[in-house]
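Visitor: 3D, please:
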Amino acid sequence: MSYFSDVERDLVVAARTDLADGVVALDLVTPNGRALPAWTPGSHIDLILPARDGEALERQYSLCGDPDDRSTWRVAVLREEAGRGGSVRLHEDIVVGQRLRVRGPRNHFAFEVSPGTRYRFVAGGIGITPLRAMVAIAEAAGAEWTLDYSGRSRRTMAFAEELSAAYPEHVRIHASDEGDRLDVRAFAEAVVADTAVYACGPARLLEALEGAVTERATSVGLAAPRIDALLHVERFEAKEFGEPVWPDPFEVELALSGEVVTVNPDQSVLDAIREQAPDAMVLSSCRRGTCGTCEVAVLEGEIEHRDSVLTPVEQADGAVMMVCVSRAACPRIVLDL
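Guide: Now for the predicted structure:
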């Protein structure tokens with residue numbers, strides 16, 4: 001079962017732990033000691049960071065603790081100097097005892113063990129965070145599984161030592177400075193019909209993996225829906241897209257209120273709704289199509305999906321869209337707002 005919540009709450013930073021070079025873990029607890037909501041492997045939360053120069057930041061981080069421990073939520077944050085500022089602010093500003101506004105948890109990368117399925121986990125760098133709980137669940141269920149974990153060096157790879165010690169027969173560490181890079185094509189050749197691949201990491205790794213696994217699956221005669229069920233990825237970086245397929249303005253009808261919003265070529269659906277129909281109350285967070293917070297049901301119309309959350313089958317179904325990045329592929333769509 002996956003859990004989805006848009007509830008916001010104040011949590012307290014109970015501990016800070018340096019996990020690896022440039023990676024810090026934050027343990028979050030309730031101020032009154034009550035249990036936190038349940039979460040499942042693959043879940044993330046939104047951290048709403050205090051304003052430094054008049055601007056608050058929202059960033060998404062995977063929960064990487066123990067799902068059975070309802071007392072604490074743990075996230076691990078890689079400091080990215082060339083990022084959008086959230087990780088630097090967390091590393092520099094957040095101290096033990098401080099309160100943070102938190103939203104969630106939400107899960108668009110759900111994991112459940114199925115009998116007879118082999119699991120192949122692939123992590124690149126900080127992409128290990130959503131997978132850490134998954135491998136524990138797979139092990140507890142007695143499933144067949146392996147983890148290939150890639151990084152620049154062992155000292156930069158959070159949980160590498162812990163996972164290698166706990167599961168020496170299952171975990172393979174690929175440290176670039178040791179001359180051991182993950183051979184994506186060789187990995188894909190070992191993927192068979194009863195395999196499920198769960199991967200998280202840099203865009204370059206995920207794109208190579210998607211290409212190799214899809215090529216392998218197609219070569220052994222698997223149809224598109226089966227390939228979709230075979231490979232599961234979570235992206236921290238937004239996909240790159242070209243010009244919209246519908247370059248002109250389009251209308252968005254809000255079914256609950258009857259209002260009609262016009263979306264111009266230089267606007268997102270989210271921004272147009274907030275500007276022209278502010279009472280519609282659409283939540284959002286990443287604004288890059290990677291977190292799933294702004295998902296809205298589509299009642300009519302064709303959608304050009306530009307998110308990094310939905311699977312190809314879900315995008316083809318067209319039942320929902322991420323209004324921060326996806327657009328209409330026709331003159332008018334109707335949303336359940």
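
Visitor: what ranges do the strands span in the stretch 51-200 of the chain?
Guide: Assignment of strands within the stretch 51-200 of the chain using DSSP state E, counting those that start in this stretch yields the ranges 57-62, 73-78, 99-106, 118-124, 144-151, 171-175, 195-201.

Visitor: quick one, which of those strands is nearest to residue 310?
Guide: strand 99-106 (13.7 Å; C-beta to C-beta). (Glycine included, C-beta is placed from N, CA and C.)

Visitor: In three-state terms, label residue 14 for me.
Guide: When the structure is reduced to helix, strand and coil (DSSP: H, G, I helix; E, B strand; the rest coil), residue 14 reads as strand.

Visitor: which residues touch it?
Guide: When the contact criterion is C-beta atoms under 8 Å, 6 or more residues apart in numbering, the partners of residue 14 are 27, 28, 29, 72, 96.

Visitor: now with 6 Å?
Guide: Shown in contact with residue 14 (C-beta atoms under 6 Å, 6 or more residues apart in numbering): 27, 29.

Visitor: now swap in residue 49 and tell me
Guide: Residue 49 makes contact with 57, 89, according to C-beta under 6 Å, 6+ apart.

Visitor: same thing but 7 Å
Guide: Neighbouring residues of residue 49 by C-beta atoms under 7 Å, 6 or more residues apart in numbering: 56, 57, 59, 86, 89, 90.

Visitor: correct me, but the fifth one touches residue 57?
Guide: Which is residue 89. Yes. Under the criterion of C-beta atoms under 7 Å, residue 89 makes contact with residue 57 at 6.5 Å.

Visitor: more crowded one of those two?
Guide: When residue 89 and residue 57 are compared for neighbours, residue 89 comes out ahead with 19 against 16, by other C-beta atoms under 10 Å.

Visitor: What distance do you get for the more buried one to residue 208?
Guide: 31 Å (C-beta to C-beta, to the nearest Å).

Visitor: can you list the residues that contact stretch 52-66?
Guide: 39, 43-50, 72-77, 85-86, 89, 105, 129-130, 132-133, 285-286, 291.

Visitor: Check stretch 154-168 too.
Guide: With C-beta under 7 Å, 6+ apart as the contact definition, stretch 154-168 has outside contacts at 19-23, 76, 126, 128, 132, 135, 139, 147, 149, 151, 171, 173, 175.
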